[in-house]
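Chemist: Sequence and predicted model, in that order:
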Amino acid sequence: MDLFEYQGKQLFASFGIPMSPGKVALTPDQAVEAVEQLGIPVVVKAQVLVGGRGKAGGIKLVHDATEVEAHARAILGMDIKGHTVATLWIEKASEIAEEYYASFTLDRAAKLHLGMLSRRGGVDIEEVAATDPDAIAKIHIDPVDGLTEERAREWTSAADLPEPARAGALDVLCKLYVAYTEGDCDLVEINPLILTTDGQVHALDAKVTLDDNAAFRHPDWEQYESTQVLDHREAEARAKGLQYVGLEGSVGIIANGAGLAMSTCDVVNQVGGAPANFLDIGGGANAEVMANALEVINNDSGVRSIFINIFGGITRGEEVARGIVTALDRVELESPIVIRLDGTNAEEGRAILAEHESGMLRSSPAMLDAARTAVELAGSTT
Ligand code: GDP
Ligand code: MN
């Protein structure tokens, strides 16, 4: 789960990481109120789960209190790379001398934590990594050892941070590591970490990804549920209790079992297509679940064909086939379906499907052939 900047900052603040005071505002009036408490100048910051807000006009430095309302009004509702701004973070402006970059994330290949620190902050770190990789000082940290102050100190010199920023940066890095591990985060990033003109080092931005598998340890994470922004397809699927992940391709996928759903995505890729989603309907595959799944996929404008891949185990093939036929009565489909039905009582199931075969519904006993047909149909119906 990704947090908004203001949520990340509140998390960081709870671990003692220094930053400028700020307030959440949902309306222009609340923005004005926030400024009355914070004092001028302030920065009005759009809260969206995407970077580059500054360039998109989502961050405004405001020196005149009478202009706050107009800026807040302009930013609220703004579209930033497909994300609509519903929340503002109003922060007391900082005077920036220098901008750095700091982050911790998991290096799965190394099975260690990875810390990255750079003098070149405030800009896109991927670009720094591509054009000037030496400007990023990396360290691997064994979770058993943790980040010692000594290593953190060496790290600040490896990153060549200027002398006046070293002590402050050391403090932030040690606290950030604790926030990352004790907070059960997959990623914490401060970009930029700034040195202010009066010599303070503090966090100007916050990016946090929580490890959802650790939710059971953090009852307070419930506060984030209501502010999560889901892909509209994922929101619809979640409401229907489906295991669904939206992807970018054109072949909608329905399978029973996560393993089969993953294999189905692989097979579609193998024959040159691209899955529009991952969808596991689990065991059962009854008409209700099948209709829900088809509805979700049907509402995805990127879908050109639908590949239903069912392997009957305890669930018998004829039940699955009846479920599909009943579901088709409920859902008016925009894309053709290819069904591969195998496993228990597959013959009986296929016989039922055969009665309903048409240009919109085909059945194919083998997974690879079915995938080919689905990919061809996705290509020819665009
Ligand atoms: P992002 O572009 O979405 O990553 O948003 P950031 O919060 O990182 O802000 C982008 C840039 O806006 C920073 O790199 C700063 O240059 C500028 N900025 C943000 N807050 C302040 C502030 O308090 N004072 C000043 N002078 N500039 C700021
Ligand atoms: Mn940033």
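Modeler: Sure, I can see it. Quantities reported herein were computed from a predicted structural model and do not represent experimental measurements. Numbers count the residues shown, from 1 in each chain. Ligands and ions are numbered 1, 2, ... in the order given.
Chemist: Tell me where the stretch 1-150 of the chain has strands.
Modeler: All strands of the stretch 1-150 of the chain, identified by DSSP state E, counting those that start in this stretch, fall at 2-3, 22-25, 42-46, 59-62, 79-80, 83-84, 88-92, 96-107, 112-118, 136-141.
Chemist: and what of the stretch 151-300 of the chain?
Modeler: Taking DSSP E, counting those that start in this stretch as the criterion, the stretch 151-300 of the chain carries its strands at 185-196, 201-203, 207-210, 243-246, 251-255, 277-280.
Chemist: Now do the buried residues in stretch 182-190.
Modeler: For stretch 182-190, burial by neighbour count (16 or more other C-beta atoms under 10 Å) applies to Gly183, Asp184, Cys185, Asp186, Leu187, Val188, Glu189, Ile190. (C-beta placed from N, C-alpha, C; glycine too.)
Chemist: ok so, going back, among the strands of the stretch 151-300 of the chain, which comes closest to Leu230?
Modeler: With C-beta to C-beta as the criterion, Leu230 lies closest to strand 243-246 of those, at 9.1 Å.
Chemist: Okay, buried residues for the closest one please.
Modeler: Counting neighbours by 16+ other C-beta under 10 Å, one finds that the buried residues in strand 243-246 are Tyr244, Gly246.
Chemist: avg pLDDT for that strand?
Modeler: Computed over strand 243-246, the mean pLDDT rounds to 91.
Chemist: what's the answer for stretch 369-382, then?
Modeler: On average, stretch 369-382 scores 87.
Chemist: Could you check the helix or strand of the chain with the lowest mean pLDDT and say which residues are buried?
Modeler: Lowest by mean pLDDT, DSSP states H and E among the helices and strands of the chain is helix 232-239, with a mean of 85. By neighbour count on 16+ other C-beta under 10 Å, the buried set for helix 232-239 is Arg233, Glu234, Glu236, Ala237.
Chemist: Distance check, the residue of the stretch 151-300 of the chain found nearest ligand 1 against Gly259.
Modeler: Proximity of the stretch 151-300 of the chain to ligand 1 (C-beta to the nearest ligand atom) peaks at Asp205, 3.5 Å away. Distance, Asp205 to Gly259, using C-beta to C-beta, to the nearest Å: 39 Å.
Chemist: Flag every residue of the protein that's near ligand 1.
Modeler: By C-beta under 6 Å from any ligand atom, the part of the chain that sits against ligand 1 consists of 43, 51-54, 59, 61, 93-94, 96, 99, 122, 191-192, 204-205.
Chemist: Now, of those, which are buried?
Modeler: Val43, Gly51, Arg53, Ile59, Ala93, Ser94, Glu99, Gly122, Asn191, Pro192, Leu204, Asp205.
Chemist: State the number of residues packed around Leu247.
Modeler: Using other C-beta atoms under 10 Å, Leu247 is surrounded by 19 other residues.
Chemist: Could you do Leu112 as well?
Modeler: 15.
Chemist: how about it, what does it touch?
Modeler: Leu112 makes contact with His140, Ile141, Asp142, Pro143, according to C-beta atoms under 8 Å, 6 or more residues apart in numbering.
Chemist: What of Val201?
Modeler: The contact partners of Val201, by C-beta under 8 Å, 6+ apart, come to Pro18, Ala165, Gly168, Ala169, Asp171, Val172, Leu193, Ile194, Leu195.
Chemist: Which single residue in the chain comes nearest to ligand 2?
Modeler: Among the residues of the chain, Asp205 lies closest to ligand 2, at 3.5 Å counting by C-beta to the ion.
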